[in-house]
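S.K.: Generate coordinates for the sequence data below:
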Amino acid sequence: MEPDELRAWRKARRAELIAMRVDLPIEAHRAFCDRIEAQLIEQVPGLKSRLLGAYVPFRREFNCTPLLIRLTEAGGRVALPVVLGFGRPLEFRLWKPGDKMARGVYDIPYPAEGEPVAPDTVISPLVGFDAGGYRLGYGAGFYDRTLASYPAKPLTIGVGFEISRMPTIHPQSYDVPMDLIITEAGVFGA
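M.R.: Numbers count the residues shown, from 1 in each chain. This next block holds a predicted model:
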């Protein structure tokens, strides 16, 4: 596929997949989120002892916030991403409930203060995914660029809903595969 054709194809697929996710009945969304959270806890031993990079949910993504709150209350360390600019890697900053937040790209909250940290485990939201462990994100390349910038790749876990599964995302050289992908239907990957 030619680069312009691929960009158009990915843009169209993103729109379809986001619309399907947004249209999920609220009860199904909650049930799927509960299953994904249970899988995360089961499949990633010692989650509380890791420096976990996560995210603030957007457009009805998997809601990881309850898990992040429980982890911090149990003494775990959670970091949330900060967009420093388009074309640049994300910066992760430590977060716990009650921290001062600012609004960033797409009006997504992020820790307003704090030094950058390098998570050893990153939970990344999926717009789409394929059997090779490649994720289709929102198209700005923030997660791929960030993961590629670390000296040692953290454990990367893509989380999303089974309706986001695709035969292929047509991965490119800059796409970084996830180590695990977790949906409400199960765990896929290494």
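S.K.: OK, contacts around residue 141?
M.R.: Neighbouring residues of residue 141 by C-beta atoms under 8 Å, 6 or more residues apart in numbering: 87, 174. (C-beta placed from N, C-alpha, C; glycine too.)
S.K.: neighbours around residue 166, how many?
M.R.: 15 (other C-beta atoms under 10 Å).
S.K.: so when I look at residue 20, I'm seeing a helix, right?
M.R.: Yes - the assignment for residue 20 is a helix, going by DSSP: H, G, I helix; E, B strand; the rest coil.
S.K.: ok, it touching residue 163?
M.R.: Yes - using C-beta atoms under 8 Å, residue 20 makes contact with residue 163 at a distance of 5.1 Å.
S.K.: neighbour count winner among those two?
M.R.: Legend: neighbour count by other C-beta under 10 Å for residue 20 and residue 163, higher for residue 163 (17 against 13).
S.K.: which ones are touching that one?
M.R.: Residues near residue 163 by C-beta under 8 Å, 6+ apart: 17, 20, 21, 24.
S.K.: Now do it against residue 143, distance only.
M.R.: Distance, residue 163 to residue 143, by C-beta to C-beta, to the nearest Å: 20 Å.
S.K.: Leaving out chain neighbours, which residue sits closest to residue 6?
M.R.: Excluding its sequence neighbours, the residue lying closest to residue 6 (C-beta to C-beta, 6 or more residues apart in numbering) is residue 170, at 5.8 Å.
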